[in-house]
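K.L.:
Okay, here's the prediction I keep looking at, along with the sequence it came from:
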Amino acid sequence: VQLVESGGGLVQPGGSLRLSCAGSGFTFSRYDMRWYRQAPGKERELVAVITSAGDSKNYADSVKGRFTMSRDNAESTVFLQMNSLKPEDTAVYYCNARRSRGRGLPPLDYWGQGTQVTVSS
């Protein structure tokens, strides 16, 4: 199983970036996908969630109206379009795939290695 993020980098405040996360080794279309981020000295924060079919999305209040999550199940890839970036968006962004198994079992949970996003002038 692999999740590989890409698209991070250095951008000025007000700029945009598009993160990608490509999955392999599992049935991507059966998994809800999440983007998390972790800034230095802070806990990991859930940024956005998209259901397996892509029919429902939720965002953290801090990114609503600026970030858009989408997915392409045919390409086993999920995206995070980030606009109007702010210095406080600086963090390592992680892709997560999760599938509930029910019956009290823990979910199946896969993580990418992270991609750095730095917003600075």
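P.N.:
Structure's in. What do you need?

K.L.:
and the residue nearest the centre of the chain, what does it touch?
P.N.:
Nearest to the centroid of the C-alpha atoms of the chain, with distances taken as CA atoms, centre = their mean, sits Trp35, at 2.2 Å. Contacts for Trp35 were tallied using CB atoms under 8 Å, 6 or more residues apart in numbering; they are 19, 21, 46-48, 69, 78, 80, 93-96. (Glycine included, C-beta is placed from N, CA and C.)

K.L.:
Dump those to JSON lines, plus secondary structure, neighbour count and pLDDT.
P.N.:
What follows is the contacts of Trp35, written out as JSON lines (DSSP: H, G, I helix; E, B strand; the rest coil; neighbours: other CB atoms under 10 Å; pLDDT from 0 to 100):
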{"residue": "Leu19", "secondary structure": "strand", "neighbour count": "25", "pLDDT": "98"}
{"residue": "Cys21", "secondary structure": "strand", "neighbour count": "26", "pLDDT": "98"}
{"residue": "Leu46", "secondary structure": "strand", "neighbour count": "13", "pLDDT": "98"}
{"residue": "Val47", "secondary structure": "strand", "neighbour count": "23", "pLDDT": "98"}
{"residue": "Ala48", "secondary structure": "strand", "neighbour count": "22", "pLDDT": "98"}
{"residue": "Met69", "secondary structure": "strand", "neighbour count": "22", "pLDDT": "98"}
{"residue": "Val78", "secondary structure": "strand", "neighbour count": "29", "pLDDT": "98"}
{"residue": "Leu80", "secondary structure": "strand", "neighbour count": "26", "pLDDT": "98"}
{"residue": "Tyr93", "secondary structure": "strand", "neighbour count": "23", "pLDDT": "98"}
{"residue": "Tyr94", "secondary structure": "strand", "neighbour count": "21", "pLDDT": "98"}
{"residue": "Cys95", "secondary structure": "strand", "neighbour count": "26", "pLDDT": "98"}
{"residue": "Asn96", "secondary structure": "strand", "neighbour count": "20", "pLDDT": "98"}
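
K.L.:
For those, give me CSV that also has distance to Pro87.
P.N.:
Shown next, in CSV, are the contacts of Trp35 (distance: CB to CB, whole Å):
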residue, distance to Pro87
Leu19, 17
Cys21, 23
Leu46, 20
Val47, 16
Ala48, 19
Met69, 22
Val78, 25
Leu80, 18
Tyr93, 15
Tyr94, 20
Cys95, 23
Asn96, 24
